[in-house]
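Novice: Kindly generate the corresponding structure for this input.
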Amino acid sequence: MTTAPVTATTTTHPILLFDGVCNLCNGFVQFVIKIDPEAKLRFASLQSDAGRALLKEFDLPVADLKSVVLIYEGKAYTHSDAPLEATRHLGGLWPVFRVLKIVPRFIRDGIYNWIARNRYRWFGKQESCWMPTPDLQRRFL
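Specialist: Numbering: from 1, shown residues only. Sure, this is the predicted structure:
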């Protein structure tokens, strides 16, 4: 029996798409997993079949996307909006970081894009996507 592919309309969980070979992105996902004890967020690498299908669903580039993407309630958040919107779903004081949305997007995205352009040089790159442990596998698409 096969399961239907996950789409933005078939899940109630926010989905965070990330670059599976980027060390910075993998570190970010592992950090989010630690601070999301209620397991609200789901994850998929941009390179995975599920990730590519979700990118196509939102008319986002499948190749060479330099942004994490948060998909929630039928919307795709990219660049600096993605991590800021992700904090909404975390416990503790993390949602307070959404106050950074008062900074104009062109400034936030400028900084985000500068880091994205240099992420492999500064943080390195893996040969293949990070594989979650069997315990975490349920949170990945």
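
Novice: show me where pLDDT drops low in this protein?
Specialist: For the chain, applying pLDDT under 70 flags the ranges 1-11, 128-134.

Novice: Which helix or strand contains the residue nearest in space to the middle of it?
Specialist: The residue lying closest to the centre of the chain (Cα atoms, centre = their mean) is Leu16, at 3.0 Å. Secondary structure from DSSP states H and E places Leu16 in strand 15-18.

Novice: What is the helix or strand that comes right after that strand packed up against?
Specialist: The helix or strand immediately downstream of strand 15-18 is helix 23-34, counting by DSSP H and E. For helix 23-34, the elements it packs on are strand 15-18, helix 105-123, judged by 3 or more Cβ pairs under 8 Å, 6 or more residues apart in numbering; DSSP states H and E. Heads up, the C-betas are built off the backbone N, CA and C, glycines and all.

Novice: The first one pairs with which strands, parallel or anti?
Specialist: In the sheet containing strand 15-18, the strands it pairs with under DSSP bridges are strand 42-45 (parallel), strand 69-72 (antiparallel).

Novice: Nearest to Ala82 among the ones you listed would be which one?
Specialist: Nearest to Ala82, of all those, is strand 69-72, at 4.2 Å by Cβ to Cβ.

Novice: next structured bit after the closest one?
Specialist: Taking DSSP H and E, what comes next after strand 69-72 is strand 75-78.

Novice: bridging residues for the residue nearest to the centre of the chain?
Specialist: Phe43, Leu70.
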